[in-house]
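# Pasting the sequence and the predicted model now:
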Amino acid sequence: MSVADEWTAAKDGAAPVAEKVDLLVLGAGPAGMAAATEARAHGMSVLVLDENAAPGGQVHRAVEARLPAKDDQDKDGAKLAAAFRASGAQYRPGATLWAVEPEGKVFWSEAGAARSVRAERLILCAGATERPLPIPGWTLPGVMSVGAAQIALKTSGLVPEGAVWLAGQGPLLWLYAVQALAKGGRIAGIVDLSPPGGLRRAQPHLLRALKAPEYLWRGLVWQRQVKRAVQVIPARDLRAEGEGRLARILVDGVAHPADLLLLHDGVVPNTQVTRAIAGLTHGWDPVQRCWRPGLDLWGNTAVPGVMVAGDSGGIGGARAAALSGRIAALEAGRALGRITTDERDGRAGPLRLLRDRQLAPRLFLDAMFPPLPEAAIPDETVLCRCEEVTAGRVRQAVALGCLGANQTKAFTRAGMGPCQGRICGPAVHGVIAAARGVQGGEVDPFRTRFPTKPLTLGELAALAG
Amino acid sequence: MKKALVIGGGLHGLSTALHLARTPGWQVTLLERRHVGRHSSGVNAGGVRRLGRALPEIALSVIAAEMWQNITALVGDDCGFRATGQVKVAESTADMAKNEARVAQVRALGWSHEEVVDQVEVRRLLPAVSRHVVGAIVTRDDGSADPMRTVMAFRRAAEQAGVTIVEGVAVTGLEATAEGTIRVDTDQGPYEAERVANCAGAWAPDLAALTGETIPCGTKASMMIVTERLPPFVDPTVGATARALSFKQTAAGTVVIGGGHQGRNDKAAETSTVLFGSLAHAARIAAEIFPCVAQARIVRSWTGTEARPPDDMPVIGESRTLPGLFHSFGFSGHGFQLSPAAGAAVAELMARGATNLPVAPFTQDRFTVPA
Amino acid sequence: MFRRTEPTDCTIEWEGRALPARAGESLAVALLAAGITSFRETPVTGTARGPLCLMGACFDCLVEVEGAQNIQACLTQVTPGMRAGIQHGARGFVDDAA
C-alpha cells in the first residue's frame, strides 16, 4: 500500500496520524480546502487540521448543511467542500493547532489529547478575524460582533429580533443585514460609523475596481435593500450601557433601547500563528492598518517550508483565497519534487490572472472603509477584554516609556489573557501608535507565543512520555 | 563631567547606569539595540532568590537581598516585590540528605538564610504540594518581583538620575583613542566616553571579541510556561532538589513554570524558540509536585536569551584588552535578583577602579589556564 | 434578541434549567437562541460576560460543561442532555471532571 493509499483510507477522525506528512494545511476554509485538493492531485500526502466541526471556514461555514446551495457564495463553498472531501486528504475537524517548531514539527490538540506530526511543508490558511471596535460598554453581555451573528445565522438559522442594532462599517455589516432580513429577521437600526467622504477617497481606485464589477454592484444592492427596510443613523460616537447586560445604546448622545448590539469594523489577517514563528517576518499595511506576513507571489514566507494562503496573508475575500490556496499547493508540489517548475508555472499562470481580477476591488474597498481611528477611543474603554485593561491604562504605560505592544503587555497585562491579544491586538497597537504620534509600522507588534491556543499542563505533560 | 556609556538596556545595564549617574561627576548614556527589557530582563521568572546560589555568589546575593527589601528607596517603585519565601522541595530521603549537606555547607561559611524543614512544615508552607514531598530547604524572606515592572522602574529611576537612554542603536565597534578615551562606533554614528560598560547579555561576548578579548561564554534560552488564572493556592516560589523546576503563582493568579528547560537560540536573528518536547518535562514535573494544576490551561510559553559562561556564573570585571571597558554579563538565568547589587559594583569599578562589593570571584581571569 | 428559524430536536441543561437545542450546533448558539447572554463572570472583576466572536478567538464564552471548566462554548457541539453552567471567575480545583 502506498503512502497515499494509507492516507486516503484514514478518514476516521480517531485514526492514527503518521509521524510524517508531505504537507500540513492549517484551516479548512476556502484557501485550505483548495490547497489540500490541489496538493492531493499531485500526489502529496496531506493532513488538514481545522478547529471547526465541518469544512468551510468562516465564509462557507456549515455549507454542507445547506445543500443544494442557493446563493453564489454557498455554491462556491459546496463545490470546494465536495472536491476537498473527495481529495483523499486526511481531514481532522475539531483539531486545534497550538505550536509550529523549526523543521516543520507541528503540535495540535484533539478531544483533549495533544499530538504532533512532522510536515515537509506547511500551508497556513488561518483566515481573517474581525477588527475589534472597542466602545465604552462593549464588554456587556448582549454586545457581539457582526461576524458572530452571521455564524449563528449560518449554523443554526438564528435571526435577529427585537431591539437589535448593527454598528460600525464595512461590507460584512451590510451583507449580514441582507442575509438576516432575507430570513425574516428584524433590525432596529444601523449606526453607520464610517468616516464621511468614502466615495471621494475611493474614486481613484474605481477604474481598477471595475475589473471585477460584481463586488461593487453587490455592495450597492445590499445597501439599497437594507436602507429600504432599516433606519441608518450616521454617527461619530457610540456607547453601550446597561446593568449586567446591554439595555441601551447612546448614539451621539441620543439613547435607544437595545438588547443586542452587533459591532463591525472590517476584517484583518489572522496572524496569530505566523507571528509566533521565529524568523517569520511581517510587514505593516498602512491602508488596512494591520500586520501581514511577508509573502512572495507563491505564498512562501521568510521561513523555508512555511507558506501562507488566503486572508491570513492579506484580505482578498473567499475566491481569491481559494485561488491562492491552489497556487501555494502548486509551489509546495514543486518544492517537494512532485511537479517541475515549468508545470507549476503553467498551471499557476491562469490561476494568478484570476486572482488578480478578484483582488482588483480591494484598494477601492480599503479606501471606502478605512479603520476607525484609535485616537478617538475614550480612556475608560476596555481594550483588553480578558485582563480588563482600558485605553487610558495603555496610554499611561506609553507615557511611562512602554513604546511597543510587548512592553505594554508585560506592564499592563493587556494581551496576556487566554485570547493572547487576538481580539485586542489591533486596538492596543493602534492606541500605542496614536499616543506616540507615529505610524503603526513603527510600533513593535505583539509577539504571539505558542501555544497559540490554550492546552492543559496535563496534555503537555503527556508528551514527555 | 566625565562621560560614561552603558551598552545594553537590560536590567544590569539599567542598574549600572542608575548607580553611576548617582555618582557625582558622571554623565551617563545608555545604548540599547532594540528596546529596554527586550530579552531575558523583561520576561524572566522574577525570582528574588538567595536559596541554592553557587557558593561564590552568596555574598553578592545577600547584599542584593537587602537592597530588594528596600527596593522602593532605590528606584521609587516596589517593582512588585513580595517576600513570600522560596522553597526547594525534597522528593526523597536522598534529596533530604543532599539538602542537609548543602545547608550545613552554607552555614559553615557563616550564612544563615537557608533552613532545612520537615514534611510537616513544608505542608504548612505549601498546602497544595504533593503528598510524596518529604521536606525542603526554605529561605523565608526571599520572594519574587514583576520583571517588566522592575525594568520600567529602573528605567524611570535612571532617567530621573540623568541617564540618557537611546533605543534602536547597535554598537559596531570599540577602540581606544589617542586621548585615552574609548570610541564606540554605532550604526548611527560614533560615541566617545571615558568609561564603557558591556551589559549586552547574550551578545556581550561578541562585544568583547571586537576588542580582541575572548571570554568563553555560551547562551541559554530557558523556557517558561504561564497558565490561566487560578485561585490563590501557593505563596512561595517553589523549586525541587533533584529536578529542574521553578514554580510561582503571581498576584494575578497565573502560575509561572520554568526551571531551566532549554529552548533554542538564534543569536544572529535575535530570536529564541520554545521546544515543546522538552517543555513537556517542565509541565510533568510541575503537575507531579502540584497535582492540582494538571487541568490548568497553558496560555503562553516563552524563552529569553541569556549569556552563560561555562561555570554558570557572571563575568564582572575590567577588560584585559581595552582599559576603561567593564564587563557585566553572563548571569546564566539567575541575574535578576543580583541586579541592584551588581549594578552598584560595576558603577563603582567604573568610577573609581575598585569596589568593596564582593564581585572579585567573577573576573574573567578565572577562565585563563595557568601557565 | 434572536429567533430560531429552524426546529430544535433536543434539550440541554443550563444552570439546572432545560433549554431547547439542536444536536450538533454550538453550545454558545444554543444558549443565545434561548435568550442567555451571560456565560461567565470574569476572574479579574467578577463582571458578567457573554460571547463576542463565536469563532474561538475571544474566550469570552467560557462555561462549565459536564463539570469541566473554562470550556469555549462556541467550539463545543451540543449533545442531547448536555449539562452546562456559568463559569464563575477563575478555574477552581475540585470540580474538574478530569
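Received the coordinates, thanks.
# Secondary structure element holding the residue of the stretch 101-250 of chain B found nearest chain A?
Distances between the stretch 101-250 of chain B and chain A by Cβ to the nearest Cβ are smallest at residue B:148, namely 3.1 Å. (Each C-beta comes from the backbone N, C-alpha and C, glycine too.) Remark: residue B:148 resides in helix B:147-160, with elements defined by DSSP states H and E.
# Equivalent analysis for residue A:357, please.
Per DSSP H and E: residue A:357 is located in helix A:341-359.
# So what touches the very next helix or strand once past that helix?
Per DSSP H and E, helix A:341-359 leads on to helix A:362-368 as the next helix or strand towards the C-terminus. Helix A:362-368 is contacted from outside by A:171, A:194, A:198-199, A:201-202, A:204-206, A:208-209, A:215-216, A:287-288, A:315-316, using Cβ atoms under 8 Å, 6 or more residues apart in numbering or on different chains.
# In helices, which of those appear?
In helices, defined here by DSSP state H, the members of the contacts of helix A:362-368 are A:171, A:198, A:199, A:201, A:202, A:206, A:208, A:209, A:215, A:216.
# For the closest residue to the last one other than its chain neighbours, give me its contacts.
Okay, so that is residue A:216. Computed as Cβ to Cβ, 6 or more residues apart in numbering or on different chains, the closest residue to residue A:216 that is not its neighbour in sequence is residue A:209, at 5.8 Å. Listed by Cβ under 8 Å, 6+ apart, the contact partners of residue A:209 are A:202, A:215, A:216, A:360, A:361, A:363, A:364, A:365.
# Tabulate those (a markdown table), appending neighbour count and pLDDT.
Putting the contacts of residue A:209 into a markdown table (neighbours: other Cβ atoms under 10 Å in any protein chain shown; pLDDT from 0 to 100) gives the following:
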| residue | neighbour count | pLDDT |
| --- | --- | --- |
| A:202 | 20 | 91 |
| A:215 | 20 | 81 |
| A:216 | 17 | 84 |
| A:360 | 19 | 92 |
| A:361 | 26 | 91 |
| A:363 | 16 | 90 |
| A:364 | 25 | 91 |
| A:365 | 21 | 89 |
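# Between those residues, which sits nearest residue B:255?
residue A:365 (44.9 Å; Cβ to Cβ).
# how much space between the closest one and residue A:199?
Distance of residue A:365 to residue A:199, given as Cβ to Cβ, to the nearest Å: 12 Å.
# One more: residue A:37?
Remark: distance between residue A:37 and residue A:199 (Cβ to Cβ) = 39 Å.
# Which one of those two is surrounded by more residues?
Shown here are residue A:37 and residue A:199; by other Cβ atoms under 10 Å in any protein chain shown, residue A:37 has more neighbours (26 against 11).
# three-state assignment of that one?
Judged by DSSP: H, G, I helix; E, B strand; the rest coil, the three-state class of residue A:37 is helix.
# residue of chain A with the smallest distance to chain B?
Proximity of chain A to chain B (Cβ to the nearest Cβ) peaks at residue A:410, 3.1 Å away.
# my read is that residue is in a helix, agree?
Yes - under three-state DSSP, residue A:410 falls within a helix.
# Grab the nearest non-local neighbour of it.
residue B:148 (3.1 Å).
# hang on, the earlier thing: whichever of the contacts of helix A:362-368 end up buried, select them in PyMOL.
To isolate the buried members of the contacts of helix A:362-368 in PyMOL, using 16 or more other Cβ atoms under 10 Å in any protein chain shown:
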select buried, chain A and resi 171+194+198+201+202+205+209+215+216+288+315+316
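# ok, residue B:158 - contacts?
By Cβ under 8 Å, 6+ apart, the contact list for residue B:158 reads B:14, B:17, B:18, B:21, B:28, B:30, B:165.
# so which of the residues you listed comes closest to chain A?
Checking these against chain A with Cβ to the nearest Cβ, the nearest one is residue B:165 at 8.3 Å.
# what secondary structure does the closest one sit in?
strand.
# Can you tell me the SS state at the residue lying closest to it once chain neighbours are set aside?
Leaving out its chain neighbours, the residue that sits closest to residue B:165 by Cβ to Cβ, 6+ apart is residue B:30, at 4.8 Å. When classified by three-state DSSP, residue B:30 comes out as strand.
# Assess the claim that the residue nearest to residue A:410 and residue A:414 are in contact.
No - using Cβ atoms under 8 Å, residue B:148 makes no contact with residue A:414, being 11.9 Å away.
# Which one's more surrounded, these two?
residue A:414 (32 against 26).
# Three-state assignment for that one, please.
With three-state DSSP as the basis, residue A:414 sits in coil.
# I figured it was touching residue A:387, is that so?
Yes - applying Cβ under 8 Å as the test, residue A:414 and residue A:387 come out as touching, 6.2 Å apart.
# which ones are touching the spatially most central residue of chain A?
By Cα atoms, centre = their mean, chain A has its centre lying nearest to residue A:128, at 1.1 Å. Neighbour list for residue A:128: A:58, A:267, A:268, A:269, A:270, A:311, A:312, A:315 [criterion: Cβ under 8 Å, 6+ apart].
# What of residue B:220?
B:202, B:260, B:262, B:265, B:305, B:306, B:307, B:308, B:332, B:333.
# Among the residues you listed, which lie within strands?
B:265, B:305, B:306, B:307, B:308 (DSSP state E).
# you'd agree the first one is up against residue B:219?
Yes - with contact defined as Cβ under 8 Å, residue B:265 reaches residue B:219; the gap is 4.7 Å.
# Can you name every helix or strand that the helix or strand encompassing residue B:197 contacts?
Assigned by DSSP H and E, residue B:197 belongs to strand B:195-198. In terms of contacts (3 or more Cβ pairs under 8 Å, 6 or more residues apart in numbering or on different chains; DSSP states H and E), strand B:195-198 is packed against strand B:2-7, helix B:11-21, strand B:182-186, helix B:204-210, strand B:325-329, helix B:339-352.
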